[in-house]
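**Q** the sequence and its predicted three-dimensional model are supplied below.
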Amino acid sequence: MNNQILIYSHELHHIGTIFTIFLAVFQNCTLDIERAKFHSSSVLFLSFNLIKQPSPALFNYFEIYNHRKSNGLPTKIIIDYSLEGICSTIECEILFKEHNIKFEDVLFVNNTLVANQFPDYDFKQHITFDHHSLDAYSKCIFTAKNRIDSTLVKDRPNALNLLIGKLKTKYSRFLTSYYFYKCDLLDNSVLGIHASPEDILNMMKLHPEYDDINFYNKIITCLGPADSVSIIQETNEGLTATAGGWPFDPAIFKNSSISYVCETYDIDKGNFPYLLTEKTYRAIINKHPFVIQSSPGQLNSVKSLGYETFSSIIDETYNEYTALDYSHVEKTVLAAKDFVHKLPNNLDKVQEIVDYNYKHWLTSSKTEYDKTLVYLNNFINNI
């Protein structure tokens, strides 16, 4: 990238955007508004979240843009919503018209899986990519900042791992912990359950059918991170791991054989974008088989990206449901328990699938990483 081009951002690192994955592209970055106004060539970078929830920081971007354009200084804008969405052109049109922003100066960055579900969105210039796949590639392969585990399936303890947070508000995940208890899975699983005893009590009060003192006494002994690496934070949805589950200790996967994945979107959300996040990719890159608790049809999204699931070993109709009554949670936990039972007799087949999934992820991520890097450099350098 041309080092003469200055990147303006109102924060140093936009967690959950293309910025953090391609740091080298955005290395010549400033927080200085005045410097951004007068530099010979500038690209303004912001997350679409700033447009969804306008603040003074957003209007600093408009001020810089209009000052530069009125003085004939080359200027472009990158608006990113690749973490789990697509930028709304309607919201942008209103703001752009009000602040004299020209669409031809703007690059929109969207999440491929979500964008594919809304093919009618009209963008003048945009790029889509699988954010969570490339984020994992950047962290685990390109920079190798997060280690991964490649222990053979046969050499791992035959047990599940369960990594969940935000039980304060996510009823589906509270139910996951409850059915792990009912199915006698808690004692033998690697657990990272981020909740306080008060969160559990409040859920039990809200849902009296699960007001079980024996469950409560058991689950409070299971709360806390699965490793000493994860960093936990408090959010308005409850306790959770920071930065999208990074970093993590690969020993979680070395000490378990199947990942029980609670994806970001379940019926708690009220909408079902078929998004694959780090929750699924952590299993894939650590060569783990998986069961996924998520929106109905989520496994089809996994397959659409070229990955194999485990229908040759277990009944995966647990993810083919229409009743939005949370009954899928128990069915998914039962499928996971069945997987644990069947794994010893299917070690070779499971190893074949996880090896294929890892290789497919590695190849497809590198291809997409390289392609996205070229596109970004071309957009910025052709200012």
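**A** Good, I have the coordinates.
**Q** run the chain-centre distance for the helix or strand harbouring residue 369.
**A** Assigned by DSSP states H and E, residue 369 belongs to helix 347-381. Between the mean C-alpha point of helix 347-381 and the mean C-alpha point of its chain there is a distance of 16 Å (C-alpha atoms, centre = their mean, to the nearest Å).
**Q** against which helices or strands is that helix packed?
**A** Judged by 3 or more C-beta pairs under 8 Å, 6 or more residues apart in numbering; DSSP states H and E, helix 347-381 is in contact with helix 18-21, strand 75-81, strand 126-129, helix 131-137, helix 278-285. Heads up, the C-betas are built off the backbone N, CA and C, glycines and all.
**Q** now with 7 Å?
**A** Judged by 3 or more C-beta pairs under 7 Å, 6 or more residues apart in numbering; DSSP states H and E, helix 347-381 is in contact with strand 126-129, helix 131-137, helix 278-285.
**Q** can you point out the buried residues in that helix?
**A** For helix 347-381, a neighbour-count test (16 or more other C-beta atoms under 10 Å) marks 347, 349-350, 353-354, 357-358, 361, 364-365, 368-369, 372-373, 376, 379-380 as buried.
**Q** now stretch 239-248
**A** For stretch 239-248, a neighbour-count test (16+ other C-beta under 10 Å) marks 239, 240, 241, 244, 245, 246, 247, 248 as buried.
**Q** nearest to residue 207, of the helices and strands packed on helix 347-381?
**A** helix 278-285 (23.9 Å; C-beta to C-beta).
**Q** where in the stretch 151-300 of the chain is pLDDT low?
**A** 272-273 (pLDDT under 70).
**Q** cool, the stretch 1-150 of the chain as well?
**A** For the stretch 1-150 of the chain (pLDDT under 70), the answer is 1-3.
**Q** for the spatially most central residue of the chain, which residues are in contact?
**A** Among the residues of the chain, the one closest to the centroid is residue 277, at 3.1 Å (C-alpha atoms, centre = their mean). Contact partners of residue 277, counting by C-beta atoms under 7 Å, 6 or more residues apart in numbering, are 132, 263, 264.
**Q** next one: phi and psi at it?
**A** Backbone torsions for residue 277, taken as degrees, to the nearest 10, come to phi -110, psi -170.
**Q** gap between it and residue 356?
**A** Distance of residue 277 to residue 356, given as C-beta to C-beta, to the nearest Å: 21 Å.
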